Each structure stands twice: as C-alpha cells, then as structure tokens.
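> What shape does this take:
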Amino acid sequence: MSKKLIKANVVAENFQPQRSDYKKIWTAPFILAVVIVIALGIISLSTGVYNIREQDDGWSMFFITRVPRTAALMLTGAAMSISGLVMQLITQNKLVEPTTTGTVEWAGLGLLLVYFFIPSPTLVMRMTGAIVFAFMGTMVFFLLMRKIKLRSSLIVPVIGMMLGAVVSAFSTFVSLSFKMTQSIENWFIGSFSSVQIGRYEYLWTIVIVTILIFLYADRLTLAGLGEDVATSLGVDYNKIILLGTAIISVAVGIVTVVIGNLPFLGLIVPNIISMYRGDDLRSNLPWVCVSGMGTITLCDIISRTIIMPFEVPVSVILGTLGSLVFILILLKQRRRK
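Numbering: from 1, shown residues only. The predicted model follows:
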C-alpha cells in the first residue's frame, strides 16, 4: 500500500466534521507564539517618527494611523500565509504560493484594468477587479498544470513565475503606454505606510476567509492527496478546487488593493510550520495565522527602523527573507534526492 493511500485512510477516519479540541490547540508552544505576536504588535504600536506623547494630537494620530496599521499587519499576515498554505495543499507542492503562481500579478492586472476603464474607481470596484482576475489567473495556472505531464517540485513554481512575469510585463506596458504608472504604484511597492482609518477595513474579510478554510479543512486536505484519492473518498474534487481558488482569490485581491505586492510570505510560513507539524490543514491553520502575523509584523518593524526616519517598503524585507528561505528549501529537497 502506497504512502499516499495510507495517509488517505488516516485522513478519512477523521473526515467527519469535528469540534476543535482547544486543549490540543492551546499548547504551551502555541501560547508562547501568541505572546510573541502580541509583543510584536505592542512594539509596532510604539514605533514611529511622530512623537505621540509630546504632541497635542498625538493620541488622535495613534488611533488614526498606528492602530489601523498594526491591525492591517496582522490581517495581511494571516491572509497571505493562509493563501500559501491552501495553494500548497491543493497543488501538492511546497514551493507554490500566490507570488510564485502569478496570482498576485493577475490581481495587479485586474486593478490596472479597473483604472483603465473607470477613471476614479471606488475601493470596492478595485477589489472586485483584483479578485476576479486573481481567480482567473489561478485557474489558468491550474489548467496549465493539468496539461503539463512533467510536474516536479521545481518545474511547477518556475512555470508559475514565468506566467506571472508575462502578466507583469503586460501590466507594465499598459501602464506606461497610457501613463497610469502612478495609479498602480502601491501594487508595485507593497507597503503599509499609507494605511489609516477608512483604508484598511476591508481586510477584516480575512476573518470570514479563515473561518471558511477551517470549515472545509478536511475536504481541502483530502483534495491535496490528488483527484483519484479524493474522489474515491467521496469528495467532489473539482468543487473543492474551485472553492480553494475562490478563497485564495478573495484574500490576494483584497491584500493587493489595500497593501500591494508582498512576495514569499505564503512560502515562508507554511513551509516552516509543516516542517515541524506535518501537513494537516485543520491543526496547522492557527499556527500559520499566528506565524504569518508575527513574520510580517517583524518585517514591518525592521522596515520602519532600519533607516529611520525614512521607511523601506516591507516588500523589500519580505523579498530578501523569502528568497533565502526559497533557496534553503530547494537545497533541502536536493539533499533528499
């Protein structure tokens, strides 16, 4: 009996919807991780050039900018990490995440086209365009994977990045041709510097996304074992793949519009968690959320303090860290072979 079939039988035994065992989730390491994230959140709230204690409007600025920024960091970290986790599960590849499959680039193209057809689009219009194109782009990627027979762990993300590069090049061409570069500048940068009250609230949708993933965790885990195994265990494989793609698209689309391009976050966190905890989506989801929050908050604190009073885009810090993790994962897989 193959390892995949054995794993399928184990998952199938626990396939019936269960209430989460809080004692298993709230272990000492997880509580420590939560405490660390809370500490990083407090540091984020107290980090900034503007001295809130010595200014008359200091506390007003605190609630207008720093509180929304910290909340946006937490929600964005959870969103991109969850997206990476789900995408790696349904593609059965540890090197896949929204920025290595072209999903983020497609969301950026959707954002650009909204600006092209609507001169002054609302935030909802921009998010709708980004979500629809993120969904389309992810489906294009999955269709390509079905057509390609050679599906090694390295080939899949390479194809995704090539697809993303083509879409990004087209977006750049259109933006330069029609002088729309400033309209999508935030997408290229990926920064939290412009986050304030009234510009981040849609990120709370990530809470609904997380609940949906938790509810469908067992089915998504079975889908990650492959179409044949999932179908034999009574799961509608295509329906679950569509659901997973829709969830990823909503998360990536919202983050792209509000924050911008955040590379490799969905690669770093799920891989580190799976190294120590395996590939069970339901039990890993709280860990991935908390770790994603902590990772991006730490990167944002570094970006704000490394050349203070100026600020480095958080995407630069994430890109540097993510590329190192990407290389380490490749080296680890090579040693296994």
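
> and residue 83, what is it in contact with?
Going by Cβ atoms under 8 Å, 6 or more residues apart in numbering, residue 83 touches 97, 98, 103, 247, 248, 251, 252, 266. All C-beta spots, glycine's among them, are computed from the backbone N, C-alpha and C.

> ditto for residue 199
Shown in contact with residue 199 (Cβ under 8 Å, 6+ apart): 68, 123, 258.

> most surrounded residue in those?
Within these, most neighbours by other Cβ atoms under 10 Å means residue 258, with 24 neighbours.

> ok, back up a step: nearest to residue 331, of the contacts of residue 83?
residue 97 (18.2 Å; Cβ to Cβ).

> Can you give the contact residues for stretch 245-257?
So stretch 245-257 is contacted by 76, 79-80, 82-83, 86-87, 98, 103-104, 107-108, 110-111, 123, 126-128, 130-135, 138-139, 142, 187, 202-203, 205-206, 209, 212-213, 262 (Cβ under 8 Å, 6+ apart).

> Off-centre distance for that stretch?
8 Å (Cα atoms, centre = their mean, to the nearest Å).

> CA atoms of that stretch as PDB?
C-alpha atoms of stretch 245-257 as PDB (Å, rounded to 0.1, in the frame of the first residue of the first chain):
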ATOM      1  CA  THR A 245      -9.200  29.000  -5.600                       C
ATOM      2  CA  ALA A 246     -12.000  31.400  -4.700                       C
ATOM      3  CA  ILE A 247     -10.700  31.700  -1.100                       C
ATOM      4  CA  ILE A 248      -7.200  32.400  -2.400                       C
ATOM      5  CA  SER A 249      -8.500  35.000  -4.900                       C
ATOM      6  CA  VAL A 250     -10.500  36.900  -2.300                       C
ATOM      7  CA  ALA A 251      -7.600  37.100   0.100                       C
ATOM      8  CA  VAL A 252      -5.000  38.000  -2.500                       C
ATOM      9  CA  GLY A 253      -7.300  40.500  -4.300                       C
ATOM     10  CA  ILE A 254      -8.000  42.400  -1.100                       C
ATOM     11  CA  VAL A 255      -4.400  42.500   0.100                       C
ATOM     12  CA  THR A 256      -3.200  43.600  -3.400                       C
ATOM     13  CA  VAL A 257      -5.600  46.600  -3.500                       C
END
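
> one step back: a markdown table for the contacts of residue 83, including pLDDT?
Below are the contacts of residue 83 laid out as a markdown table (pLDDT from 0 to 100):
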| residue | pLDDT |
| --- | --- |
| 97 | 85 |
| 98 | 85 |
| 103 | 85 |
| 247 | 88 |
| 248 | 87 |
| 251 | 88 |
| 252 | 86 |
| 266 | 85 |
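
> which helices and strands sit right next to the helix or strand where residue 29 lies?
Using DSSP states H and E, residue 29 falls within helix 28-45. Judged by 3 or more Cβ pairs under 8 Å, 6 or more residues apart in numbering; DSSP states H and E, helix 28-45 is in contact with helix 67-91, helix 281-305.

> Report the central residue of this structure.
By Cα atoms, centre = their mean, the chain has its centre lying nearest to residue 80, at 1.3 Å.

> So for stretch 180-197, first residue to last residue, what's the gap.
Using Cα to Cα, to the nearest Å, the gap from the first to the last residue of stretch 180-197 comes to 26 Å.

> So that it lines up with my notes, have the first residue be 20 from now on.
Got it, the first residue is 20 from now on, which makes the last one we talked about stretch 199-216.

> wait, isn't residue 60 in contact with residue 89?
Yes. In terms of Cβ atoms under 8 Å, residue 60 counts as a neighbour of residue 89; the distance is 5.4 Å.

> Break down the stretch 220-356 of the chain into its strands, ranges please.
Remark: strands of the stretch 220-356 of the chain are absent; assignment by DSSP state E, counting those that start in this stretch.

> can you list the weak-confidence ranges in it?
Within the stretch 220-356 of the chain, the segments meeting pLDDT under 70 span 352-356.

> count of residues packed around residue 94?
Residue 94 has 29 nearby residues by other Cβ under 10 Å.

> which SS state does the residue lying farthest from the centre of the chain fall under?
Relative to the centre of the chain, and counting by Cα atoms, centre = their mean, the farthest-placed residue is residue 75 at 38.2 Å. Following DSSP: H, G, I helix; E, B strand; the rest coil, the label given to residue 75 is coil.

> Make a markdown table out of the contacts of residue 102 and add distance to residue 55 and neighbour count.
A markdown table is the format used below for the contacts of residue 102 (distance: Cβ to Cβ, whole Å; neighbours: other Cβ atoms under 10 Å):
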| residue | distance to residue 55 | neighbour count |
| --- | --- | --- |
| 116 | 23 | 34 |
| 117 | 25 | 35 |
| 122 | 29 | 35 |
| 266 | 27 | 22 |
| 267 | 27 | 30 |
| 270 | 23 | 31 |
| 271 | 26 | 31 |
| 285 | 20 | 33 |
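
> Counting only helices, which of these make the cut?
122, 266, 267, 270, 271, 285 (DSSP state H).

> what two of these are the furthest from one another?
266 and 285 (12.6 Å).

> between those two, what contacts are shared?
101, 102.

> Tell me which other helices or strands the host helix or strand of residue 143 touches.
Element membership for residue 143, per DSSP H and E: helix 142-166. With contacts taken as 3+ Cβ pairs under 8 Å, 6+ apart, helix 142-166 sits against helix 86-110, helix 122-136, helix 174-196, helix 256-277.
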